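1. Got a predicted structure here, sequence first:
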Amino acid sequence: MSEIYDEIKGRFNEILKDRDMLAESVRVKARALSAEEAIGNPEADDFPLQKGRERLMQAEFRGAFGQAFTDRYGDFEGTLGEILEMPLENNYRRAVFIATLNAVLRSLGMIEKTVHCRDREPARCARELVESLKAGYGKVNILQVGFQPRMVEYLAREFRLKVLDLDEENIGAEKFGVVIEGPEATVEAVEWADLLLVTGTTVVNDTIHEFLGKKPMLLYGTTISGAARLMGWERFCAYGH
């Protein structure tokens, strides 16, 4: 929904204008990371990155890094002004913008944990997420958007859980006792849930508007770090770097 991206762009633009950064001829690079570069060895092989469905785009700005998950990836180089003017009309362009936003806000000290966790950290993150949700929300019905396998594995042990995913290989499959549903189940699943646990990748694939304002919502991951900071959205990320 373009209004969301217009709002994020507007707030980002104000930050850059206040610091006279729009006039700077700063160049930003983004590139697709391999699964090994992005998450190391988590001692499992069921993450979307390992299956080749997604890649992490990484932007570097003044030595700070920002990332974004996407299924359309490639190199990009340009100024901050050019990125702000770029129409966000597909997943590749939104990934370039979001990765850049994360890197710039990280360089300004406005956000942290903009680089994906590695090795055993996803499992440790999932355990901490369970404890955080039990303490903060109690025994609620949870709709998880995005198949993050370690989160599904640990959440399914403690909560009534539904999971939505866009990967056709996952849809209809049972994972840790939960049948993964496709986007056609969104309306019914949102109605069923007390809490929406939504991957930050939805800000890249342009589905985040399907969940905003519908129920209490917690976004997770590194992709959403900058947008969450600018928009005041609650975010969980225990082991990002």
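-> Looks like it arrived, so ask away.
2. Could you check the pLDDT of the residue lying closest to Val104 once chain neighbours are set aside?
-> In space, and not counting its chain neighbours, Val104 is closest to Phe61: 5.1 Å by CB to CB, 6 or more residues apart in numbering. C-betas here are computed from N, CA, C, even on glycine. Predicted confidence (pLDDT) for Phe61: 91.
3. Look at Phe61 and say how many residues are nearby.
-> 23 (other CB atoms under 10 Å).
4. repeat for the one 3 residues further on
-> Taking other CB under 10 Å as the neighbour definition, Ala64 ends up with a count of 18.
5. quick one: contacts for it?
-> Neighbouring residues of Ala64 by CB atoms under 8 Å, 6 or more residues apart in numbering: Ala103, Val104, Arg106, Ser107, Thr114.
6. Which residue, other than its chain neighbours, is closest to it?
-> Ser107 is the one closest to Ala64 (CB to CB, 6+ apart), at 3.7 Å.
7. so which of the contacts of Ala64 is the most crowded?
-> Counting neighbours by other CB under 10 Å, Ala103 leads the contacts of Ala64 with 28 neighbours.
8. Nearest residue to the middle of this protein?
-> Geometric centre of the chain, nearest residue: Gly200, 2.3 Å, by CA atoms, centre = their mean.
9. That one touches Met217, doesn't it?
-> No: counting by CB atoms under 8 Å, Gly200 sits too far from Met217 to count as a contact (11.5 Å).
10. Now the residue lying closest to Trp192 once chain neighbours are set aside: phi and psi?
-> Spatial nearest neighbour of Trp192, excluding adjacent residues (CB to CB, 6+ apart): Asn141 at 6.0 Å. When read as degrees, to the nearest 10, the backbone of Asn141 gives phi -80, psi 130.
11. For Asn141, give its distance to Lys9.
-> Applying CB to CB, to the nearest Å, the value for Asn141 to Lys9 is 34 Å.
12. what about those two, which has more around it?
-> Counted by other CB under 10 Å, Asn141 and Lys9 do not tie: Lys9 has more neighbours, with 19 against 15.
13. Next, the more buried one: secondary structure please.
-> What DSSP: H, G, I helix; E, B strand; the rest coil gives for Lys9 is helix.
14. Now the phi/psi pair for the spatially closest residue to it that is not a sequence neighbour, please.
-> Nearest non-adjacent residue to Lys9, counting by CB to CB, 6+ apart: Leu84, 6.1 Å away. Backbone torsions of Leu84, given as degrees, to the nearest 10, read phi -60, psi -30.
15. Leu84 and Glu14 touch, don't they?
-> No: between Leu84 and Glu14 there is no contact under CB under 8 Å: 11.0 Å.
16. higher neighbour count, these two?
-> Taking neighbours as other CB under 10 Å, Leu84 and Glu14 compare with Leu84 leading, 16 against 11.
17. helix or strand right after the helix-or-strand element of the chain with minimal mean pLDDT?
-> Ranking every helix and strand in the chain by mean pLDDT, DSSP states H and E puts helix 48-51 at the bottom, with a mean of 50. Remark: after helix 48-51, the chain's next helix or strand is strand 55-61, criterion DSSP states H and E.
18. That following strand pairs with which strands, parallel or anti?
-> Sheet pairing here is set by DSSP bridges, and for strand 55-61 it gives strand 28-33 (antiparallel), strand 64-70 (antiparallel).
19. rank the ones you listed by mean pLDDT and give me the bottom one.
-> Mean pLDDT is lowest for strand 28-33 out of the strands paired with strand 55-61, coming in at a mean of 61.
20. circling back to that earlier point, could you find the closest non-adjacent residue to the residue nearest to the centre of the chain?
-> Of all residues not flanking Gly200 in the chain, Ile224 sits nearest, at 2.7 Å (CB to CB, 6+ apart).
21. Nice, that's everything, thank you.
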